[in-house]
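S.K.: Just need the structure, nothing else, for what follows:
(chains A and B)
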Amino acid sequence: MNQEMPDSVMEMLEELLDGSLPQEDRTRFVELLHEHPEWLEEVSSQLAISGALSHWAHPDPGFVDLTWSHVSKLSGEDDQDFVRQFRMRLVKRRVVRGLAAAAVLGLALLPWFWIRPSNGANVAELSLTDAEGGIVSTRHVSAGERLKADAGLMRLSFRNGAVVAIEAPLDLMIESGSGLNLKRGRLNAWCPESAHGFVVKTATAQATDLGTSFGVSVGDGGRSEFVVLDGLVEVSKGDEKIRLGEGAALTADHAQGLKSVEFDATGFSKTWSLMQGILSTRGALVAAKPDTPEKLAQLENDQHVLVVPEKRDVAFDRPIRADVIRPGMLPGDIDGGPHVIPANPGKRLSAFQLRYNPVGTIPEEQFLRFEGEVTLDRPILAIQCQSGFLLGGEDMFASGHWQGDMPGIELTQIHNPPDNVVLSPDRRTVKIVFYAGRYTDAIRVIVEDN
Amino acid sequence: MNARDSDFTKLIQEHHASLRYFIQSLGVNPAWVDDVAQDAFLIAYRKWPSLEGDLENPGAWLRSIARNVVQNELAKQNRRRRLMDENLTTLLLQAGESESRSSTEDLMDRQEALRKCISKLSERARRILEFRYVNDLNSGEIGSECDMKPAAVRKLLFHSRQTLANCLKQSLSRPA
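M.R.: Okay, here's the model as predicted:
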């Protein structure tokens, strides 16, 4: 029997569209549609119109060029290329299992030059890193100060909360406590609510943060590239203004206006990792490549356990349940909890997932061994290792929609030794050993922001 | 660019908007709609040489490719997350197979028609749509801005989209 769609179902659809429909209601929503197939056409129409309205609100004239670029680049690959690549990666993994030698973030620290020191107010703290990713020095910088360097990686922590990581060769001017002028170099900026409106000027355009994470690079010819990883940025050149949403990119040069280009943030890997607070990784652990939160949540990789940043600057307004809350090894000298850390409303928190999410699957008796470590810039408060704790932290920390299973790690296994996790005495480094291959193995590392 | 590639670029130009709306109508997560559309265009390009000149309805052909891409998403354990909900997509795919309804998606590449239809909505509805789609606010945030209950905002959004869909259908049925 045909029946009008009731308000409660309309509401569920609306919550589905804005991403707030809880899993149990989503299940109920689908059950209702199953019982009332006459509503499906309306649901389909609502989804399509919603897409049209998004397009109307945020037109993307570059889509045709980007799609053609994608098609022409990939049309030469045959369908089996992917399978061959996967097999090759597995073989390689077996050869290089165990700790690899190289650090990810290491960049030699070469001389930095402070030009035109200013007597203005201190507006930020400057941190320099060494080849191993360690912070070797910090000092205050002032408005009006100019920084130049031929090589290296540094971070500016502004008093308003903005964090900017910059890769040399660079030349920039600190204009104020809420903006800088990048003449040359590559940077990633993260701006909490207190820093919205933060401005990065270049010779050809300027970006104004509307929240929360973006990258800017300026080459020798003054050509600027802007990529938005999260939230919204307004890019302007003269009278031309474009609001750029996450997953979008554009360029500006002296000869022409703003031009949409394919979003590719891989060039920002070093600055993005440092901006997130990942100082170094070793062995099978590597920092994820920069991308939007939705895509980071879905990243797959056969060869590595990825360090994936989750939400940042989260209010510590509810208790946290975790397996590890003090230095030591699990399983070993730490009992696995559950430990509960009571809420502390004065504190802000961030989280990272250390996640092995393979493209394919491998039988348990042939699982691969992944060993590695990551060092962060802030003290680690807790580590959630088992499924229940991870799921309990999803609402608070997950930045993308994770719809698969989240089994955590296995502290007992039939064919392999247990996975294990070690928190260092200084609470900055996590070392992991995962035996994995079939499902996602993941832990969540929660750090204190202040 | 050779003539074949030029023709294909024109195909993308003419159909990308309607194809993306179609993909979203199958319950693909909005963040992944463009990726799925690009996958569909890539498959279309590979098939293009054998079909060129024989295509009576390129839009329907592209939609059938996109439908298969979305269907494949259901089969891949690790990629189901591209979908808002795999069970919802299954239902929408099944419904599409059994119906020959006129496709709303066909209408929506007419941006001008959409703009006209939006202008016919009440000022309040237009304001709510602007908050939702231009400013990316959720119903709770819109409710605070407009002094409305979130449930009332959700209802108004639903009915506004319903009105737009009807308006677009009428605009197609009228002679140009």
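S.K.: And the closest residue to residue A:189 other than its chain neighbours, its phi and psi?
M.R.: Of all residues not flanking residue A:189 in the chain, residue A:164 sits nearest, at 4.6 Å (Cβ to Cβ, 6 or more residues apart in numbering or on different chains). Using the backbone N, CA and C atoms, a C-beta is placed for each residue, glycine as well. Per-residue torsions, residue A:164: phi -130, psi 120 (degrees, to the nearest 10).
S.K.: cool, residue A:137 as well?
M.R.: Dihedral angles for residue A:137 - degrees, to the nearest 10 - are phi -160, psi 150.
S.K.: Could you give the separation of whichever strand or helix holds residue A:271 from the chain centroid?
M.R.: Using DSSP states H and E, residue A:271 sits within helix A:269-276. The chain centre lies 9 Å from the centre of helix A:269-276; the measure is Cα atoms, centre = their mean, to the nearest Å.
S.K.: what packs against that helix?
M.R.: Packing contacts for helix A:269-276, counted by 3 or more Cβ pairs under 8 Å, 6 or more residues apart in numbering or on different chains; DSSP states H and E, involve strand A:153-158, strand A:163-176, strand A:179-190, strand A:206-218, strand A:285-287.
S.K.: just checking, what packs against the third one?
M.R.: Counting contacts by 3+ Cβ pairs under 8 Å, 6+ apart, the secondary-structure elements packed against strand A:179-190 are strand A:163-176, strand A:199-201, strand A:206-218, helix A:269-276.
S.K.: Could I get those in TSV, plus columns for mean pLDDT and mean neighbour count?
M.R.: Below are the helices and strands packed on strand A:179-190 laid out as TSV (pLDDT from 0 to 100; neighbours: other Cβ atoms under 10 Å in any protein chain shown):
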stretch	mean pLDDT	mean neighbour count
strand A:163-176	93	21
strand A:199-201	96	22
strand A:206-218	93	24
helix A:269-276	94	25
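S.K.: Specify the angle between the helix holding residue A:271 and strand A:163-176 in degrees.
M.R.: Orientation check (axes from the mean of the first three to the mean of the last three Cα atoms, to 10 degrees): helix A:269-276 against strand A:163-176 gives 80 degrees.
S.K.: Determine the angle, from 0 to 180 degrees, between the helix or strand just after helix A:269-276 and strand A:153-158.
M.R.: Downstream of helix A:269-276, the next assigned helix or strand under DSSP H and E is strand A:278-283. If you take the same axes, to 10 degrees, strand A:278-283 sits at 140 degrees to strand A:153-158.
S.K.: For the helices and strands packed on strand A:179-190, give me JSON lines that also has distance to residue A:256.
M.R.: Listed next are these as JSON lines, based on distance: least, Cβ to Cβ, whole Å:
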{"stretch": "strand A:163-176", "distance to residue A:256": "24"}
{"stretch": "strand A:199-201", "distance to residue A:256": "19"}
{"stretch": "strand A:206-218", "distance to residue A:256": "16"}
{"stretch": "helix A:269-276", "distance to residue A:256": "26"}
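S.K.: and the end-to-end length of stretch A:140-147?
M.R.: 12 Å (Cα to Cα, to the nearest Å).
S.K.: Could you list the buried residues of it?
M.R.: Residues A:141, A:143, A:144, A:145, A:146, A:147 are the ones in stretch A:140-147 that count as buried (16 or more other Cβ atoms under 10 Å in any protein chain shown).
S.K.: Relative to residue A:426, tell me which of the helices and strands packed on strand A:179-190 wins on proximity.
M.R.: Among those, helix A:269-276 comes nearest to residue A:426, with 18.9 Å by Cβ to Cβ.
S.K.: send the alpha carbons of that closest one over as PDB?
M.R.: The C-alpha trace of helix A:269-276 is given here as PDB (Å, rounded to 0.1, in the frame of the first residue of the first chain):
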ATOM      1  CA  SER A 269      53.900  15.900   2.700                       C
ATOM      2  CA  LYS A 270      56.700  17.300   4.900                       C
ATOM      3  CA  THR A 271      55.100  20.500   6.000                       C
ATOM      4  CA  TRP A 272      51.700  18.800   6.500                       C
ATOM      5  CA  SER A 273      53.200  16.200   8.800                       C
ATOM      6  CA  LEU A 274      55.100  18.700  10.800                       C
ATOM      7  CA  MET A 275      52.100  21.000  11.100                       C
ATOM      8  CA  GLN A 276      50.100  18.000  12.400                       C
END
